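kindly return the folded structure for what I paste below:
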Amino acid sequence: MQRKSFSRSRLLRGLGAGFLTIAVLLTLIQFLRFTRQQPVFPNGSLIAGVPVGGLDRTAAKDRLSQVILAPVELRYQNAAILATAADLGLTVDLDALLDSASQSLPSFWQRLWNQTSGAPANVPLNAAVSTETLRAYLQNQVAARYDQPPQPPIPVPASPQYLSGSGGWTLDVDAAAAQITTLLTAAPGASRSLDLPVTVTNEPHPLPQNLQIQLEQILDVSGFDGLAEIYVQDLNTDDVIHFARQNQQDITPGIAFTAASTIKVPIMVSVLSRMEEPISQDVLDLFTAMVVKSENPPADTLMDAYLGGNLGPLEVTKDMQTLGLQSTFIAGYFYFGAPLLVAYDTPANTRTDINLQPDAYNQTTPADIGVLLADIYTCAKDGSGPLVDKLSMTQKKCQIIVDVLSSNRNGVLLEAGLPESVQIAHKHGWVNEADGLLHNLSDVGIVYSPGGDYVITMYLYRTDQLLFDEANIWMGTLSQAVYNYFNPPQLAQP
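Predicted structure coming up:
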């Protein structure tokens, strides 16, 4: 009986050991399977917003790569640019994201007991965009290739006309970098395309230096063999183009010219500066006769009655000197036989390199009269400037000068180069010399154009006779070129 009991005990121990061995073997087999087969993420799992439920690590990484690192389509105007996320400076550690998400995967023992439905993972995107890399790409690969600088109108050589320019566009790198950074770090599902922010630039005005070249070419090919000095001032920017030309050569501007009737502009300034408002109709009528009809007796009447009798012209000169116009003067009345009151030496008429033998009674330079017209314009526009500060002029008085000059419509000289609808406040001047011939011709004015207001003064001189018809064509063509500079083809509309 004892032997049977012992045998039975050994049998039970052997069976127990066998079962244990089998359990260990089964566990080992399951472990080997666990190590060979990657577990899948629970349904509903999200990594960086990308659904990865039911995917193992390898498949999840492929999906993340496809979504997060997908190329971006950048649209610049009509051009499409496909850029990789890496090109745009995106860096993301996919393995680190997967490691974080893997904490939700079932463990070996959970899988052993068939517990495979753990809580779904939800790992946010952890990515960085290199600002330096992104900006370098935008500047070197996008802006450098697709930016279009604006092109100003180009003057037709030796012509008053202009060839049309074009507008341009430039990439707004700062705004583009901010928008791309937002796109790259946005939740998946958002569009992977972007219209790049582009700054559109309108067609610019022609270059000032080109205007001077254009005017010089017109003079050179026109056959004009005299001397011309031209002053143009942009009343918006105060840019000035000022030059003198003779025999296809530049000479130093600031030449003393016979002022002739252009001196009547300073006369109006001096008379008005000494009058109380309202200005009488008698004075306005004298202004009109002096400027529009270009009569000289009204000028003498105004200087005699309002500027101190016999020395009236000298008051005009003093006013011009007060304004800093040192080469502009009137030294006597207009009437025949009027005495010369003072012999003026000026910076212009004491030059030793050039002497046009200007009239000793009245002289000016294109720059002097141009500056005066610019001061009149400013005073009439807003009641400010040297005329107000130094001569106690008012906005209303300056506007009277503009109105009188604007009523001077003769259709020739500067006016001939302008559209009929354009306002020009101007005064022309010429006089036959002692030999009975015309040698000096001038026109000075303020042009109110759609593309900008400007002052233009033009003085022509020829030692031999200056034929009016020829000079009129030259001056009209030059005036047209200046008008087209301010109003080129694409800028002609206000």
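
how about the contacts made by the residue nearest to residue 120 when sequence neighbours are not counted?
In space, and not counting its chain neighbours, residue 120 is closest to residue 44: 3.6 Å by CB to CB, 6 or more residues apart in numbering. Using the backbone N, CA and C atoms, a C-beta is placed for each residue, glycine as well. Listed by CB atoms under 8 Å, 6 or more residues apart in numbering, the contact partners of residue 44 are 51, 53, 120.

weed out the non-buried ones from these.
Listed as buried from those are 51, 120; burial here means 16 or more other CB atoms under 10 Å.

mind checking which of the contacts of residue 44 are in strands?
residue 51 (DSSP state E).

turn the contacts of residue 44 into JSON lines, including pLDDT and distance to residue 456.
Converted to JSON lines, the contacts of residue 44 look like this (pLDDT from 0 to 100; distance: CB to CB, whole Å):
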{"residue": "51", "pLDDT": "89", "distance to residue 456": "73"}
{"residue": "53", "pLDDT": "87", "distance to residue 456": "79"}
{"residue": "120", "pLDDT": "86", "distance to residue 456": "80"}
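
quick one: which of the contacts of residue 44 is nearest to residue 84?
Nearest to residue 84 out of these is residue 51 (CB to CB; 23.4 Å).

my guess is that closest one contacts residue 45. True?
Yes. Residue 51 lies in contact with residue 45 (CB atoms under 8 Å); the separation is 7.3 Å.

now residue 253: closest residue in space, sequence neighbours ignored.
Distances taken as CB to CB, 6+ apart place residue 244 nearest to residue 253, at 4.2 Å, with adjacent residues excluded.

what of residue 92?
With sequence-adjacent residues excluded and distances taken as CB to CB, 6+ apart, residue 92 is closest to residue 127, at 4.0 Å.

is it fair to say residue 457 lies in a strand?
Yes. Counting by DSSP: H, G, I helix; E, B strand; the rest coil, residue 457 falls inside a strand.

contacts only, for it.
Residues in contact with residue 457 (CB under 8 Å, 6+ apart) are 230, 231, 262, 366, 367, 369, 370, 373, 442, 443, 444, 445.

now intersect those residues with the strands, please.
230, 231, 442, 443, 444, 445.

most widely separated two among those residues?
Pairwise distances among those were taken by CB to CB; the largest, 12.6 Å, belongs to 230 and 445.

more neighbours, these two?
residue 445 (29 against 26; other CB atoms under 10 Å).

strands of the stretch 351-494 of the chain, residue ranges please.
Along the stretch 351-494 of the chain, counting by DSSP state E, counting those that start in this stretch, strands occupy 362-364, 423-432, 438-449, 452-461.

which one of those strands lies nearest to residue 191?
Residue 191 sits nearest to strand 452-461 of all the strands of the stretch 351-494 of the chain, at 44.4 Å, using CB to CB.

can you verify my assumption that residue 449 contacts residue 483?
Yes. If you go by CB under 8 Å, residue 449 and residue 483 touch, sitting 6.2 Å apart.

among those two, which residue is more densely surrounded?
Taking other CB under 10 Å, residue 449 and residue 483 do not tie; residue 483 has more neighbours (24 against 20).

could you report the neighbour count for the residue lying closest to residue 428 once chain neighbours are set aside?
Leaving aside its chain neighbours, residue 428 sits nearest to residue 443 (4.4 Å; criterion: CB to CB, 6+ apart). When neighbours are counted by other CB under 10 Å, residue 443 registers 28.

could you do the one 5 residues further on as well?
With neighbours defined by other CB under 10 Å, the count for residue 448 comes to 16.

swap in the one 10 residues further on?
In terms of burial, residue 458 registers 25 neighbours under the definition other CB under 10 Å.

likewise for the one 10 residues further on?
Using other CB under 10 Å, residue 468 has 13 other residues around it.

and the one 10 residues further on, by the same measure?
The burial metric for residue 478, expressed as a neighbour count using other CB under 10 Å, is 26.

what distance do you get for it to residue 176?
Between residue 478 and residue 176 the computed distance is 46 Å (CB to CB, to the nearest Å).

just residue 340 next, same as before
Counting by CB to CB, the gap from residue 340 to residue 176 is 72 Å.

equivalent analysis for residue 325, please.
53 Å.

residue 433 too?
From residue 433 across to residue 176, the span is 68 Å (CB to CB).

how about residue 309?
74 Å.

cool, and residue 338?
73 Å.

which one of the two is surrounded by more residues?
Using other CB under 10 Å as the criterion, residue 338 and residue 176 rank with residue 176 on top: 24 against 14.

go ahead and confirm that one touches residue 196.
Yes. With contact defined as CB under 8 Å, residue 176 counts as touching residue 196 (5.1 Å).

shared neighbours of the two, which are they?
The contact sets of residue 176 and residue 196 overlap at residue 142 (CB under 8 Å, 6+ apart).

now render the strands of the stretch 351-494 of the chain as TSV, adding mean pLDDT and distance to residue 394.
Compiled in TSV, these are given as follows (pLDDT from 0 to 100; distance: least, CB to CB, whole Å):
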stretch	mean pLDDT	distance to residue 394
strand 362-364	98	24
strand 423-432	95	17
strand 438-449	97	18
strand 452-461	98	20
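
need the winner for burial among those strands.
Mean neighbours per residue, mean count of other CB atoms under 10 Å, is largest over these for strand 362-364, with a mean of 28.

so which elements touch it?
If contacts are counted by 3 or more CB pairs under 8 Å, 6 or more residues apart in numbering; DSSP states H and E, strand 362-364 sits against strand 257-258, strand 329-330.

note down every partner strand of that strand and its orientation.
If you go by DSSP bridges, strand 362-364 pairs up with strand 257-258 (antiparallel), strand 329-330 (antiparallel).

which other residues reach that strand?
Strand 362-364 has contacts (CB under 8 Å, 6+ apart) with 256-260, 262-263, 325, 327-331, 344, 346, 348-349.

how far is it from where the chain is centred?
In terms of CA atoms, centre = their mean, to the nearest Å, the centre of strand 362-364 is set 39 Å apart from its chain centre.

list the residues that contact the most centrally placed residue in the chain.
When CA atoms, centre = their mean is applied to the chain, the residue found nearest the centroid is residue 204 (6.4 Å). Going by CB under 8 Å, 6+ apart, residue 204 touches 150, 151, 152, 165.

who wins on neighbours among those?
residue 165 (20 neighbours).

rewinding a little: isn't the residue nearest to residue 428 right up against residue 427?
Yes. Taking CB under 8 Å as the definition, residue 443 is a contact partner of residue 427 at 7.4 Å.
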